[in-house]
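Participant: let's see this in three dimensions:
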Amino acid sequence: MPFRSCEAKQAHNKAYHQAHVERSTIRHWERAREIKEECLAHYGDGKLVCVHCGFSDIRALSIDHIEGNGSEHRRLNHLKRGAPFYRWLLKRGYPGGYQTLCMNCQYIKRYTNGESGGIRLTSPGRVRW
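Facilitator: Numbers count the residues shown, from 1 in each chain. Here you go, the predicted model:
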């Protein structure tokens, strides 16, 4: 359906969304989950698992910045955590420098590498997972 202006299209979309708010909300969350699963599988070597320990509960899986610069990266690119970050990865064709880790492995890595102000337990040098 062609629209004569951007405002007309926005008005149509707003009216549609208001008329179908429950359906739109459900579809939004379904698509966000699909994108998350695609990203986790891509960075998990084709599987929805932690690349370090093999844990597979999606509720505890997330994307890890291999070099440990996640907060700096989000700040520079004006990104939020979660769905906006997964969409950012998808739109850029899954750039390198990321991996799928469970939250346990991610926190152990952060602590071991001294990321986020943690005390380094090992000798200087980053622990590669």
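Participant: can you check the pLDDT for residue 21?
Facilitator: On pLDDT, residue 21 comes in at 83.
Participant: quick one: neighbours of it, just the number.
Facilitator: Number of residues near residue 21 (other CB atoms under 10 Å) recorded here: 10. For the C-beta atoms, the positions are set from N, CA and C on the backbone; glycine is no exception.
Participant: next: residue 48.
Facilitator: Residues near residue 48, counting by other CB under 10 Å: 16.
Participant: that one contacts residue 59, correct?
Facilitator: No: between residue 48 and residue 59 there is no contact under CB atoms under 8 Å: 11.1 Å.
Participant: the helices in this protein, which residues?
Facilitator: 6-19, 21-43, 70-76, 83-91, 103-113 (DSSP state H).
Participant: distance to residue 54 added to these, as TSV?
Facilitator: Formatted as TSV, these follow (distance: least, CB to CB, whole Å):
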stretch	distance to residue 54
helix 6-19	41
helix 21-43	13
helix 70-76	22
helix 83-91	21
helix 103-113	10
